[in-house]
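*Asks:* no sequence on hand, only this structure:
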């Protein structure tokens, strides 16, 4: 029983480190965007800080949406389909 519990805990820890590493590798991840917004918030505190970060995250979300639209239009112009389109979109959006 203890071996199964320890194995389950070890697997959970490994998975959580893997997810954290993946998020740190993607500069467009929500986590990295939130960290950047928190840094920009500076000395703001309380409700003012929360409102600033919310606005900042919304601006990042809007910018990402516009980037996706632009990349999608470019992929359509190039007549990309399937895996080729998916790879193009991933590369384009993460530029």
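*Replies:* Nice, thanks for sending it over. The structure displayed is predicted, hence computed values, not measured ones.
*Asks:* quick one: low-confidence ranges for the protein?
*Replies:* 1-10, 12-28 (pLDDT under 70).
*Asks:* residue nearest the centroid of it?
*Replies:* By C-alpha atoms, centre = their mean, the mean C-alpha position of the chain lies nearest to residue 29, the distance being 1.4 Å.
*Asks:* please determine how far it is located from residue 75.
*Replies:* Distance from residue 29 to residue 75, counting by C-beta to C-beta, to the nearest Å: 22 Å. The way it works is simple: take the backbone N, C-alpha and C, and place the C-beta from them, glycine included.
*Asks:* check residue 48 too.
*Replies:* Taking C-beta to C-beta as the measure, residue 48 falls 41 Å from residue 75.
*Asks:* over to residue 54?
*Replies:* Residue 54 sits at a distance of 31 Å from residue 75 (criterion: C-beta to C-beta).
*Asks:* before we move on, what about residue 38?
*Replies:* Distance from residue 38 to residue 75, counting by C-beta to C-beta: 33 Å.
*Asks:* try residue 55
*Replies:* From residue 55 to residue 75 the distance is 31 Å (C-beta to C-beta).
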